[in-house]
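> I would like to see how this sequence folds:
(2 chains)
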Amino acid sequence: MLRRTALATSTLLIGALLLTSCTGTTTSPGPTGDPDPNATLTVRLSLEPSNLDIRHTSGAALEQALIDNVYQGLVTRDGDQNNAIVPALASAWQISPDGLTYTFTLRDGVTFHDGSALTADDVVTSLQTAKDDATIQSSADLAGVTSIASPDATTVVVTLAQPNSDFLFALTGRAGLVFKNGDTTNLQTAANGTGPFRVENWSTGQSLTLSRYDGYWGEKAGVAEVVLDYIPDQSAATNAAVSGDIDVALEIDPELQSQIEATNTFTIETGLTTDKGTLAFNNARAPLNDQRIREALRLAIDHNALAETLVTAQPLNGPIPPLDPGYEDLTGSISYNPDRARELLAEAGAENLNLTLTIPNVYPGTLATFLVSSFADVGVTLKVDQVDFSTWLTDVYTNHDYDLSFVRHVEARDFGNWANPSYYFGYDNPEVQGLYAQALASTDEQQSSDLLAEAARIVDDEDAADWLFLSAPRTAVATDVANFPKNSLNVRLPLASVTVAAE
Amino acid sequence: MIRYTLTRLGLLVVGLAVASVLIFLSLRVLPGDVAQLVGGTQADPAQVAAIRESLGLNVPLWQQYTAWIGGLFRGDLGTSLLTGTSVVAELLDKAQVTVPLAAMSLTVAVVVGIPFGVLSALGRRRAWGTAFSVGAQALAAVPVVWAGMMLVVVFAVWLGWLPPQGFPRAGWGDPAAAFRALILPAVTIGVVEGAMLLRFVRSATLQALGQDYVRTAAAKGLTRTRALLSHGLPNVGLSVITVLGLQIAGIIVGAVVIEQLFTLPGVGRMLVADVAARDLPKVQGELLALTGIVLIVGFVVDLVHRLIDPRQREAA
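The predicted model follows:
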């Protein structure tokens, strides 16, 4: 048995080694035949929603699965076109010159998955409820709305108290989703939307199955069925791809990528996101209320090396990512300089500084290790406090009890957090708040964007945080899958036009 | 016997009551807040307060506890805060994965542990006997996760005989696929638990071999092996039953880990997801059900032990 065990162990080890080095599997690329309308598309996602109630439950997992596929609003955004706002349930809209009145023309022939027709009343009630009920997600996005009305059966008019350049974008989010008035569906475990897919089955802890809705108002979905397979473990996901269980894998582990590539049946794509890996400094509390210390910490980080270590990341300088209005390339605003960091710390009288980093345990340990050694190099001792996300929400987000914190802020256009002194960043600068308010109130897109850029420069100059990286996740797409979207897939995964070739 | 059963039953009930209090309280001191999680990173304190109210979290603790216990007497373990589904229904659904997985793991453990344990005792002075026990020592020390990963590499990825992860969407509607999906996870748990069982069976058998009645039987002309089989094994069996009862707890813990590794939609994976979501009513129902299983198994083992061991009956 001893010898057998030893033999078995060495066989296992050799197997593991072979697997990481061999490229021997000779499956040829799939046929690029015509799209198969009866196909099932299986997509690996990592994070499963805790229920399907998209109106009341936070988390990117719900938006990713349901918006554009199952639920729709008047307008939506196209991640592959720089998040441009495009029509959905409204075929067209007009904005009055003063920026206060939005007039939407509803599309004809829209039905909910239960067969009932969409009415202007459904739209008005949905928006009004989202505005009035504080328990609805992003309800605050509609705070500036003064009236929602439908003068006739195909028109909805929304009036604002003051211009809001982010208003249409807010309607692409949860607050703008349209639900059937008086719906009796249990929205926690089922759904009734207007999108190209209906929720067929949710098998908790496993998968969410969507099926083509044949009564869809637009072009019908390219596949009959979509299975969103929730596989949190990276190596399990890689194995599932290698053994052909899935057609697409989101957010693959770059370390395991070669195993997927070795099958020759997948192409690897990199997408843009608005997913900002944010190292927050508690600006409201000593010692990080001292800008010299904040700057020193930023100077101690070699952002290029970090991006290389993480692989699926690129450096991001400043709070606004390239897909958002107000972006400008702030490269060079801060560059790796540990000597200067040590000087600044000495000036601030903060030699032998001890700081704590609160980081949710969903993020890989590599990041914390990198920061610990970067900071140690300039004489700062970093203690890493790994907590679960729920604890982070209570301690950091709600109670602001932290020195440094790391989370990925995935939302698009969330610069407003820097203009909100009660946000957990604790950053309070009236000039930034003023510029942000002006940017929102501006009816001129370019002007609005310029004002945001100016505000972002100030936030960056004051070292209010460090933007460690912008996520650039990799997606493995089987060669027989076409039209798979590329950008911001962690918050939107529109699958209507995806097709799978017939074998 | 009746008196003994009643006493043990009383202890079982007391155990469950204590467990219910401990589970309830320990979950309440857990940091984190479901309302905050539901609200997310865009909700302000007023919104979180509104969510807390709508979820019924403002009810005093003792009322929450008595409502929960009251439900237990009606066979109701509570309902999920997030999906509104009953915990019993969810448990029954997930048990379709976990119970077969546990049963298969136990089978593997018994098949590995008992025969090889007896053999390694019989051959303790030979090379192969020593090899068995050293091998078992090594296997018992292997972390379940590592064993699982290696088995996946060889049998799923390399040889392609079995699926590397997941459970068929049709569940037991596709029995062959469902069974195949559970083989690697069950072997993973079973081999590690089986190795522990092997060591135990080996020492129990060795002990039996040294007993007077085995020696007497051998002196009366039986071979040592025959003497062991007819007189020693029933005694070994008794202690094995006790150990198996304890191992069921180990298998349940193993299932929680292995279900993560193999992405199996079972009770363990549900429990981990619910803890992360702070769906406390659901977590407490699940924990109590698992605790109940372990306590009931202990109770049954005690009764069986007494039933089949004449010495215990007579002592009473």
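> Would it be right to say that residue A:324 lies in a helix?
No: counting by DSSP: H, G, I helix; E, B strand; the rest coil, residue A:324 falls outside a helix, being coil.
> what's the span of stretch A:101-114 from first residue to last?
32 Å (CA to CA, to the nearest Å).
> Can you list the strands that the helix or strand encompassing residue A:199 pairs with?
Using DSSP states H and E, the element containing residue A:199 is strand A:197-203. Neighbouring strands of strand A:197-203 in its sheet, by DSSP bridges, are strand A:207-212 (antiparallel).
> Where does residue A:228 fall, secondary structure wise?
Per DSSP H and E: strand A:225-230 holds residue A:228.
> That strand vs strand A:197-203, what angle?
If you take axes from the mean of the first three to the mean of the last three CA atoms, to 10 degrees, strand A:225-230 sits at 40 degrees to strand A:197-203.
> Give me the contact list for strand A:225-230.
Residues from elsewhere that reach strand A:225-230 (CB atoms under 8 Å, 6 or more residues apart in numbering or on different chains): A:39-48, A:65, A:69, A:197, A:200, A:205-212, A:240, A:245-246, A:495, B:166, B:169, B:263. The C-beta positions use only the backbone N, C-alpha and C, and glycine is treated the same way.
> Check stretch A:122-130 too.
When contacts are defined by CB under 8 Å, 6+ apart, stretch A:122-130 is touched by residues A:55, A:74, A:89, A:104, A:106, A:136, A:138-139, A:142, A:145, A:148-150, A:156, A:158, A:174-181.
> Stretch A:408-417 now?
Under CB under 8 Å, 6+ apart, the answer for stretch A:408-417 is A:60, A:77, A:83, A:166, A:169, A:273-278, A:319-321, A:323-326, A:363, A:423, A:425, A:436, A:452, A:455-456, A:471, A:488, A:490-491, B:41-42.
> Just the buried residues out of these, in PyMOL syntax.
Here is the PyMOL command that picks out the buried ones among these, judged by 16 or more other CB atoms under 10 Å in any protein chain shown:
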select buried, (chain A and resi 60+77+83+166+169+273+274+275+276+277+278+319+320+321+323+324+325+326+423+425+436+452+455+456+471+488+490+491) or (chain B and resi 41+42)
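> Just the contacts of stretch A:408-417: which are in helices?
Among the contacts of stretch A:408-417, the residues falling in helices (DSSP state H) are A:60, A:169, A:436, A:452, A:455-456.
> so the residue most central in space within chain B, which of the three states?
Centroid check for chain B by CA atoms, centre = their mean gives residue B:252 as the closest residue, at 2.3 Å. Classification of residue B:252 using three-state DSSP returns helix.
> Need the pLDDT of it.
For residue B:252, the model assigns a pLDDT of 84.
> dump the residue contacts of it.
Per CB under 8 Å, 6+ apart, neighbours of residue B:252: B:102, B:268, B:290, B:293-294.
> let's see it at 10 Å
Each residue near residue B:252 by CB atoms under 10 Å, 6 or more residues apart in numbering or on different chains is listed here: B:98, B:101-102, B:105, B:189, B:267-268, B:290-291, B:293-294, B:297.
> what are the ranges of the helices in chain B?
With DSSP H as the criterion, chain B has helices spanning B:2-28, B:34-39, B:45-54, B:61-73, B:87-122, B:127-141, B:144-151, B:175-209, B:212-219, B:224-227, B:233-261, B:267-277, B:280-308, B:310-315.
> Please export the C-alpha coordinates of the fourth one as PDB.
When you say that, I think you mean helix B:61-73. Taking Å, rounded to 0.1, in the frame of the first residue of the first chain, the C-alpha atoms of helix B:61-73 are listed here in PDB:
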ATOM      1  CA  LEU B  61     -34.800  39.200  19.700                       C
ATOM      2  CA  TRP B  62     -36.800  37.200  22.200                       C
ATOM      3  CA  GLN B  63     -39.900  37.500  20.000                       C
ATOM      4  CA  GLN B  64     -37.900  36.300  17.000                       C
ATOM      5  CA  TYR B  65     -36.700  33.400  19.000                       C
ATOM      6  CA  THR B  66     -40.100  32.300  20.300                       C
ATOM      7  CA  ALA B  67     -41.600  32.700  16.900                       C
ATOM      8  CA  TRP B  68     -38.900  30.400  15.500                       C
ATOM      9  CA  ILE B  69     -39.300  27.800  18.200                       C
ATOM     10  CA  GLY B  70     -43.100  28.000  17.900                       C
ATOM     11  CA  GLY B  71     -42.700  27.200  14.200                       C
ATOM     12  CA  LEU B  72     -40.400  24.200  15.000                       C
ATOM     13  CA  PHE B  73     -43.200  22.500  16.800                       C
END
